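Colleague: Below: sequence and its predicted model.
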Amino acid sequence: MSISNPMKNLLSIFIIILSFSLSIQAQTKFVNEFLNIGVGAEAHGKFGSVVATVDDVTAGFWNPAGLTQLESPLQISAMHANWFGGIANYDFVSVAKKFKGDRSAVGGITVIRMGVDNIPNTLNLIGPDGTVNYDRITTFSASDYAVLLSYARNMNAKGNFSVGGNIKIINRSIGSFATAWGFGADFGAQWRGDLFSFGLSAKDITTTFNAWSFNLSDEDKQVFQQTDNDIPVSSTEISLPRVILGAAFHKKVKSFSYMVEADLNISSNGTEAGIFSGKSFAVDPTFGFEVGYSDRVFIRGGVGNIQSVINPSIEDNGVSKNLEFQPNIGMGLKLGRLKVDYALTNIGSVSGVLVSHVFSLTLNFNAKKALEIVE
């Protein structure tokens with residue numbers, strides 16, 4: 001199979017973005033982590049290995065180029081999950097629509113919220129005279145919001161090569177004490193063949209800046225000082241660019257469909273636990289598969305979080321390394337215009353047990369395939 005011009009373009013874009021990523025020095029490595037969790041139970045079931053094959057409204061998050069593959073003129077998806085032992089709420093809703101008069105172009109908007117609510121504020125628990133008054137306890141929320149404005153279009157007459165991009169607006173708040181605004185951009189590309197598909201998703205290609213501002217009263221500052229806490233000052237966080245490359249094999253045999261995808265998450269946020277990593281560079285692989293029957297029932301699985309864990313070794317007075325990974329499983333069901341997806345994964349838990357249940361719904365409007373099923 002020869003590499004077409006679109007595939008050469010994908011490779012050139014990847015090299016440019018990766019070079020740009022490695023040339024930037026990070027002020028903060030791990031920021032906006034809520035945007036690394038992912039959306040949609042279908043993708044979670046495959047451990048996020050969807051960059052080359054995502055073809056629904058969730059592409060606005062994973063790879064905006066995939067929006068051109070919507071099966072209907074208008075598609076809506078939503079997800080809600082309680083994570084970290086029920087402490088955090090994660091909500092996602094996305095809408096995508098094909099533009100009239102130009103069926104190769106699609107626009108979309110994605111809204112993500114992750115928040116911890118009803119956090120006790122005990123700054124005023126103890127009064128100036130030293131008395132404790134529990135009536136002074138109030139509550140606040142720590143919330144992270146992201147709005148992604150997406151645009152994608154096909155780049156050739158065959159419709160198998162597309163590009164897309166996002167403009168990201170981020171708002172993070174800690175009650176009335178602190179607020180941060182951030183802005184960034186993503187880029188994506190997909191090439192789809194009869195048996196193989198390839199994808200590229202470049203996150204934060206311009207770097208994403210979060211500018212924090214704090215609003216503490218004089219009484220709050222006094223409590224910080226009395227408890228030996230530093231008084232926070234305005235600061236800036238930076239999310240470095242990262243690139244995700246995906247390659248997939250897919251085939252249909254009678255009523256069955258098969259798909260296997262492998263993704264490489266390449267970043268300059270080095271983690272020593274990664275199997276391919278250093279202090280300033282990391283390559284994290286993920287793998288996912290899906291088996292479908294009659295385009296109605298789907299079984300999925302995935303593997304990720306592949307790490308080389310260092311354990312003390314008593315026998316040789318040294319250390320040993322064990323390879324650990326996390327499996328995900330999931331399933332999907334199409335009911336006419338409605339698609340219901342479920343995934344069992346592990347988010348925010350220190351145990352190796354799969355404890356996170358993720359559900360999502362996707363609704364097609366005027367979908368040709370959905371109408372054929374209903375009829």
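Modeller: Great, that's in hand.

Colleague: so who does Asp186 touch?
Modeller: Each residue near Asp186 by CB atoms under 8 Å, 6 or more residues apart in numbering is listed here: Pro64, Leu148, Gly165, Asn166, Lys168, Ser201, Ala202, Lys203, Asp204, Ile205. Glycine gets a C-beta too; all of them are placed from N, C-alpha and C.

Colleague: out of those residues, who has the most neighbours?
Modeller: Tallying neighbours with other CB atoms under 10 Å puts Pro64 at the head of the contacts of Asp186, with 31 neighbours.

Colleague: Was I right to think it contacts Leu149?
Modeller: No. Under the criterion of CB atoms under 8 Å, Pro64 is not in contact with Leu149, lying 9.7 Å apart.

Colleague: which residues do the two both contact?
Modeller: Applying CB under 8 Å, 6+ apart, one finds that Pro64 and Leu149 are jointly contacted by Gly108, Asn166.

Colleague: you'd agree Val116 is up against Trp83?
Modeller: No. If you go by CB under 8 Å, Val116 and Trp83 don't touch, sitting 10.2 Å apart.

Colleague: Give me the more crowded residue out of those two.
Modeller: Neighbours of Val116 and Trp83, each counted by other CB under 10 Å, are more numerous for Trp83; the result is 20 against 15.

Colleague: does Phe61 sit in a helix, a strand or a coil?
Modeller: The assignment at Phe61 comes out as helix when based on DSSP: H, G, I helix; E, B strand; the rest coil.

Colleague: And the pLDDT at the residue lying closest to it once chain neighbours are set aside?
Modeller: If the residues on either side of it in the chain are set aside, Phe61 comes closest to Val39, at 4.8 Å by CB to CB, 6 or more residues apart in numbering. We note a pLDDT of 94 for Val39 in this prediction.

Colleague: and Val39, how many residues sit next to it?
Modeller: Each residue near Val39 was counted by other CB under 10 Å, and the total is 28.

Colleague: before we move on, what about Thr236?
Modeller: 13.

Colleague: repeat for Lys46
Modeller: Residues near Lys46, counting by other CB under 10 Å, number 29.

Colleague: Return the per-residue confidence for it.
Modeller: The confidence metric pLDDT takes the value 96 at Lys46.

Colleague: and it, what does it touch?
Modeller: Shown in contact with Lys46 (CB under 8 Å, 6+ apart): Glu261, Gly288, Phe289, Glu290, Arg300, Gly301, Gly302, Asn328, Gly330.

Colleague: any idea which helix or strand carries the fifth one?
Modeller: Applying DSSP states H and E as the criterion places Arg300 in strand 297-313.

Colleague: repeat for the second one
Modeller: Secondary-structure element containing Gly288, defined by DSSP H and E: strand 282-293.

Colleague: who does that strand pair up with?
Modeller: Strand 282-293 has these partner strands in its sheet, going by DSSP bridges: strand 256-267 (antiparallel), strand 276-277 (antiparallel), strand 297-313 (antiparallel).

Colleague: deepest of the ones you listed, which one?
Modeller: Comparing the strands paired with strand 282-293 on average neighbours per residue, with mean count of other CB atoms under 10 Å, the densest one is strand 256-267 at a mean of 20.

Colleague: quick check: mean pLDDT across that strand?
Modeller: Strand 256-267 carries an average pLDDT of 95.

Colleague: and the closest residue to Leu323 other than its chain neighbours, how far is that from Ser277?
Modeller: Nearest residue to Leu323 in three dimensions, chain neighbours excluded: Ser308, at 6.0 Å (CB to CB, 6+ apart). Ser308 sits 9 Å away from Ser277, going by CB to CB, to the nearest Å.

Colleague: Report whether the expected contact of Arg337 with Leu363 is present.
Modeller: Yes. Applying CB under 8 Å as the test, Arg337 and Leu363 come out as touching, 6.0 Å apart.

Colleague: ok, back up a step: among the strands paired with strand 282-293, which is nearest Arg192?
Modeller: strand 256-267 (11.9 Å; CB to CB).

Colleague: List of residues touching the closest one?
Modeller: 18, 21, 46, 48-53, 240, 242-252, 281-293, 295.

Colleague: Just the buried ones from the residues you listed, in ChimeraX syntax?
Modeller: ChimeraX command restricting the contacts of strand 256-267 to the buried ones, with burial defined by 16 or more other CB atoms under 10 Å:
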select :18,21,46,48,49,50,51,52,53,240,242,243,244,245,246,247,248,249,250,281,282,283,284,285,286,287,288,289,290,292
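
Colleague: And Ser176, how close does it get to Gly115?
Modeller: Going from Ser176 to Gly115 by CB to CB gives 15 Å.
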